[in-house]
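Peer 1: How does the following fold in three dimensions:
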Amino acid sequence: MNVENRGVRAKAVRKREVRDSAGNVTFAGLERRRSTLPTGAAKRVAEKLGRAIVGGYYEPESLLPVEAELQAEIGVGRNTLREAVKVLAGKGLLRTARHVGTRVCPRTEWNLMDPDVLEWMSIDKGFARRLMVDLTEIRSILEPAAAALAATRATTSEIEVMARYANMIDESMEDYVLEGDAGLHETIYRATHNLAMEQVGKAIVGMLRQHFWTEAKEFNRYWGNPQEHLDLVAAIAERDSESAARIANKLLDVNRARSKLQQNGKDSGN
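Peer 2: Predicted coordinates for the structure are as follows:
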């Protein structure tokens with residue numbers, strides 16, 4: 001099956017195009033998703049503390065130095081430091097309590113849906129590998145079922161959006177490819193019209209976006225599989241639940257193979 005031959009192929013969406021200072025077309029979609037930090041000095045402080053926490057400089061469950069010490073160490077005023085701490089508390093990295101101080105939260109409380117937390121953690125290649133293994137595991141459970149549901153419930157407009165995203169995966173610009181891949185999976189989860197599946201899918205795709213970015217930008221490895229994504233959309237458009245589930249499962253074969261290598265310590269990450 002091929003989307004192009006079934007009449008649902010569409011040109012890649014260009015509405016997110018912007019131009020840099022040299023006039024070159026760039027894709028801003030992923031960049032805009034990558035940070036929820038404030039601006040100015042508070043951003044610098046939040047980023048420095050966030051990386052220190054994620055990197056293990058401040059151990060989970062440990063107390064941060066008292067406010068005056070942190071101010072002197074980082075070289076900022078009290079209001080800026082407090083704003084940064086408030087931001088990190090919102091990301092699940094810190095917990096403040098009167099008369100106790102500011103404590104580093106255990107990793108289980110860190111918000112892995114937050115793009116900044118994911119970016120800081122992804123610098124650790126060990127975490128990046130672990131994230132890929134865990135994402136592959138849960139995607140293997142959910143995505144074939146989501147594709148099958150989408151084949152029976154997706155609206156015509158949703159299928160058209162899927163086709164646009166699938167065609168973006170065949171683009172030459174890397175950022176279009178990454179957003180096309182993530183956007184397609186997000187649309188499939190949404191097209192299940194199952195509230196629980198939509199919410200779980202939104203969380204998975206949030207992590208998937210950062211994973212794609214890290215794979216492509218940091219480790220220079222990413223496989224788009226454009227034809228198989230087009231075939232998946234074609235199966236959904238034809239209301240073929242069985243084929244949609246099979247193709248969705250097949251798309252994860254490369255990830256599963258690499259997961260086994262990583263669990264056995266044989267994947268160098270190159």
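Peer 1: How about the contacts made by the closest residue in space to N194 that isn't next to it in sequence?
Peer 2: In this structure, N194 finds its nearest non-sequential neighbour in L149, 6.4 Å apart by CB to CB, 6 or more residues apart in numbering. Backbone N, C-alpha and C define where each C-beta goes, glycine included. L149 sits next to A191, T192, H193, N194, M197, S241 when contact means CB atoms under 8 Å, 6 or more residues apart in numbering.
Peer 1: go with 10 Å
Peer 2: L149 makes contacts with I188, Y189, A191, T192, H193, N194, M197, I236, S241, A244, A245, as judged by CB atoms under 10 Å, 6 or more residues apart in numbering.
Peer 1: Can you tell me how far the nearest residue to the first one once chain neighbours are set aside is from H211?
Peer 2: In space, not counting the residues next to it along the chain, I188 is nearest to A150; the distance is 4.9 Å by CB to CB, 6+ apart. Distance, A150 to H211, by CB to CB, to the nearest Å: 22 Å.
Peer 1: more crowded one of those two?
Peer 2: A150 (30 against 24; other CB atoms under 10 Å).
Peer 1: wait, doesn't that one sit right on I159?
Peer 2: Yes. A150 lies in contact with I159 (CB atoms under 10 Å); the separation is 8.6 Å.
Peer 1: who touches both of those two?
Peer 2: T187, A191, V233, I236, R239.
Peer 1: does the last one really touch A191, like I thought?
Peer 2: No. Shown here, R239 and A191 do not form a contact pair, counting by CB under 10 Å, at 12.0 Å.
Peer 1: Show me which of the two is the more surrounded one.
Peer 2: Ranked by neighbour count (other CB under 10 Å), R239 and A191 place A191 first, with 26 against 14.
Peer 1: contacting residues around that one?
Peer 2: 146-147, 149-155, 157-159, 161-162, 197-198, 201, 236.
Peer 1: Over to M207?
Peer 2: By CB under 10 Å, 6+ apart, the neighbours of M207 are L112, M113, P115, L118, S122, L131, M132, D134, L135, I138, A182.
Peer 1: would you list the residues you listed in TSV and tack on secondary structure?
Peer 2: TSV is the format used below for these (DSSP: H, G, I helix; E, B strand; the rest coil):
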residue	secondary structure
L112	coil
M113	coil
P115	helix
L118	helix
S122	helix
L131	helix
M132	helix
D134	helix
L135	helix
I138	helix
A182	helix
